[in-house]
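Undergrad: quick one: sequence plus predicted model below, questions after.
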Amino acid sequence: VQLQASGGGLVQPGGSLRLSCAASGFTLDEYTIGWYRQAPGKEREGVSCISTRDENTYYSESVKGRFTISRDAAKKTVYLQMNSLDTGDTGTYYCADACRYSSVQNWGKGTLVTVSS
């Protein structure tokens with residue numbers, strides 16, 4: 001099982017980015033995929049999650065209404081559309097194979113998101 005996050009970059013406050021998590025080694029129908037982020041000096045936190053079996057979604061309070069998680073099963077990819085970004089969203093974003101941090105077995109390599117003017 002391999003997960004690879006991509007799509008990070010530098011964006012101004014108020015801007016948007018779309019992150020992608022490409023999966024290999026399993027079909028997306030079998031797993032939940034979660035997005036996590038880690039800001040400098042802070043612990044990793046859950047941001048959003050999607051159950052690929054029934055497409056239930058979860059968002060942390062800090063991103064609810066601004067971020068949207070979705071999946072493309074054919075491409076084995078989960079997306080995180082991030083709008084209205086602010087400096088507090090800066091961090092390295094990771095995708096993983098669970099919605100609970102304690103249940104993660106596979107982490108993807110992170111992608112850095114920097115929100116700065």
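TA: Yes, it's here. Numbering: from 1, shown residues only.
Undergrad: residue 21: which element?
TA: Taking DSSP states H and E as the definition, residue 21 sits inside strand 17-24.
Undergrad: after that strand, which helix or strand is next?
TA: Scanning the chain past strand 17-24 towards its C-terminal end, the next helix or strand to appear is strand 32-38 (assignment: DSSP H and E).
Undergrad: output the strand holding residue 21 as CSV, nothing but the C-alphas.
TA: Only the C-alpha atoms of strand 17-24 are listed here, as CSV (Å, rounded to 0.1, in the frame of the first residue of the first chain):
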residue,chain,number,x,y,z
LEU,A,17,-5.1,24.8,-3.7
ARG,A,18,-6.2,21.3,-4.6
LEU,A,19,-4.2,18.5,-3.0
SER,A,20,-4.2,15.0,-4.5
CYS,A,21,-3.6,11.6,-2.8
ALA,A,22,-2.7,8.9,-5.2
ALA,A,23,-3.1,5.4,-3.9
SER,A,24,-1.6,2.2,-5.1
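Undergrad: outside of it itself, list whatever touches it.
TA: In this structure, residues lying in contact with strand 17-24 by CB atoms under 8 Å, 6 or more residues apart in numbering are 1-9, 11, 31, 33, 35, 75-82, 85, 93, 95, 108, 111, 113. C-beta: built from backbone N, CA, C; applies to glycine.
Undergrad: sort out for me which of the residues you listed are in strands.
TA: The members of the contacts of strand 17-24 that map onto strands under DSSP state E are 2-6, 9, 11, 33, 35, 77-82, 93, 95, 111, 113.
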